[in-house]
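Novice: A predicted structure for the sequence below; I have some questions about it.
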Amino acid sequence: MHPELIEIPIIHVTVKSYGLMMVVGFLAAVTVIRLLSRRFTRDPQHITNAALYALIAGVVGARIFFVVHYFDQFRDDLLGVFAIWRGGLELLGGVLLAIAVILLYIRYHKLPLRHYLDVLAVGLMAALIFGRVGCFLNGCCYGKPTDLPWGVRFPYGSFAYRSQVEPDPQRNRLEPHLHLPEEYFGYFDENQAYVPDLKPKEFLTPRQQEEVTQGQYRCLPVHPTQLYTSLSALLCTLILYGVWRRSQKCERAGRYPFLTKPGSVFSLMFVLYGILRFSIELVRDDNPYEIGTLTVSQLIGIGLVLLGSSLLVFYTLAQPETVEAEGSAPSPSSAPKPAKATQRTRRHASPTQK
């Protein structure tokens, strides 16, 4: 767990691992989209412009989702909503708002919508691979305790640790996973104000520090749900790319079997991600229950599956969207034929020809 990678001297601003991996994911998505879109466009400027707008929208959307999700943290500090350098982003919110902005951009510039959406789907899944690695480094989006050999122990004071030593009524858990003695709670901050919270590690005695790092009070191993999602996103990326390649071959052949019409890859992305999101929530331990034992992410996952299925039916029944590559050379049949030289031209072409 490395939520902060480096600190910039003088200004004392830290580079967050989550934000850095979001940027890496963004660059990966742009690279994938630019490469795949070469089949139907030779103007990369649209890709670059849409990507920049999507990056801004992604950060804003990720922050909005985090603030709404954890609004209790901002009730007494509303200006803290804008302090994005302190951390606090949710990838799902960024993806949804970024997609909305890209749709508006494509619509405004009258670009081949479904072709762009298909390559966008592959790029977004590629971005998710790196985004969830950022979650792992940050320690958020943690999983439930597990006895599996690949379970991960997060350090003292991490999100997972705090969750384990406190009850969570929002997840119907009235008892903590890890019963930590009262002596580990409560301290006076730099203003001599009493804080009834988990003590910072430096406030613990040497014996207590050993207990929480190597002893009976260390963090219980949990499912590395962030890495589960990252690996699943890699699999989804490969599946979407394979479906996209097949659709390109069918488009060139002029036939459109199932999952080959433009827009199908984009629709399939919602279905795959919705199933992925719903399934991962079964072993996550951070999101509160909203309806019964369903979290907001699971409800969104169900909605994404329904949306993707509806779009898939719509694009399957709709007429295929056909485009010609911009700047492509004209075919021989459409190229203008040179005019035949007339007899008069040949007669007066040059004195030497007489």
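Specialist: Arrived safely, thanks for sending.

Novice: can you give me the helices for the chain?
Specialist: Taking DSSP state H as the criterion, the chain carries its helices at 17-36, 45-69, 91-108, 113-138, 159-164, 206-213, 225-253, 264-281, 296-317, 343-347.

Novice: wait, which of these is closest to Arg75?
Specialist: Closest approach to Arg75 among the helices of the chain is made by helix 45-69 (10.9 Å; Cβ to Cβ). The C-beta positions use only the backbone N, C-alpha and C, and glycine is treated the same way.

Novice: Distance from that closest one to the middle of the chain?
Specialist: 10 Å (Cα atoms, centre = their mean, to the nearest Å).

Novice: how close does Met22 sit to Gln209?
Specialist: 33 Å (Cβ to Cβ, to the nearest Å).

Novice: So which of these two has more stuff around it?
Specialist: A count of neighbours by other Cβ atoms under 10 Å puts Met22 above the other of Met22 and Gln209, at 23 against 15.

Novice: pretty sure the more buried one is in contact with Gly58, am I right?
Specialist: Yes. The criterion here is Cβ atoms under 8 Å, and Met22 meets it with Gly58 at 7.3 Å.

Novice: between these two, what contacts are shared?
Specialist: Gly94 (Cβ atoms under 8 Å, 6 or more residues apart in numbering).

Novice: List the residues that contact the closest residue to Leu20 other than its chain neighbours.
Specialist: Spatial nearest neighbour of Leu20, excluding adjacent residues (Cβ to Cβ, 6 or more residues apart in numbering): Leu5 at 6.4 Å. Shown in contact with Leu5 (Cβ under 8 Å, 6+ apart): Thr14, Val15, Lys16, Ser17, Leu20.

Novice: Give me the ChimeraX select line for those residues, limited to the buried ones.
Specialist: Selection command for ChimeraX covering only the buried members of the contacts of Leu5, criterion 16 or more other Cβ atoms under 10 Å:
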select :16,17,20
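
Novice: Between the contacts of Leu5, which sits nearest Thr237?
Specialist: Using Cβ to Cβ, these come closest to Thr237 at Leu20, 20.3 Å.

Novice: re earlier: got the confidence number for the residue nearest to Leu20?
Specialist: You'll see Leu5 listed with a pLDDT of 72.

Novice: Trp85 now?
Specialist: At Trp85, pLDDT is 57.

Novice: Kindly report the same for the one 10 residues further on.
Specialist: At Val95, the pLDDT value in this model is 75.

Novice: pretty sure it is touching Leu124, no?
Specialist: Yes. Val95 is within contact range of Leu124, at 6.3 Å (criterion: Cβ under 8 Å).

Novice: neighbour-wise, which of the two wins?
Specialist: More crowded of Val95 and Leu124, by other Cβ under 10 Å: Leu124, with 26 against 23.

Novice: residue contacts, the more buried one?
Specialist: Here Leu124 is in contact with Ala29, Val95, Ala98, Ile99, Met269 (Cβ under 8 Å, 6+ apart).

Novice: Determine which stretch of the helices of the chain is the most buried.
Specialist: A comparison of these by mean neighbour count, using mean count of other Cβ atoms under 10 Å, puts helix 113-138 on top with a mean of 25.

Novice: from the chain's centre, how far out does that one sit?
Specialist: 5 Å.

Novice: gap between Cys141 and Thr229?
Specialist: Taking Cβ to Cβ, one finds Cys141 at 8 Å from Thr229.

Novice: how about stretch 302-310 as CSV, C-alpha atoms only?
Specialist: Extracted as CSV, the C-alpha positions of stretch 302-310 are listed here (Å, rounded to 0.1, in the frame of the first residue of the first chain):
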residue,chain,number,x,y,z
ILE,A,302,-27.8,-4.2,-12.8
GLY,A,303,-28.7,-1.0,-14.6
LEU,A,304,-25.6,-1.3,-16.8
VAL,A,305,-26.5,-4.9,-17.8
LEU,A,306,-30.1,-3.8,-18.7
LEU,A,307,-28.7,-0.7,-20.6
GLY,A,308,-26.2,-2.8,-22.5
SER,A,309,-28.7,-5.5,-23.4
SER,A,310,-31.2,-2.8,-24.7
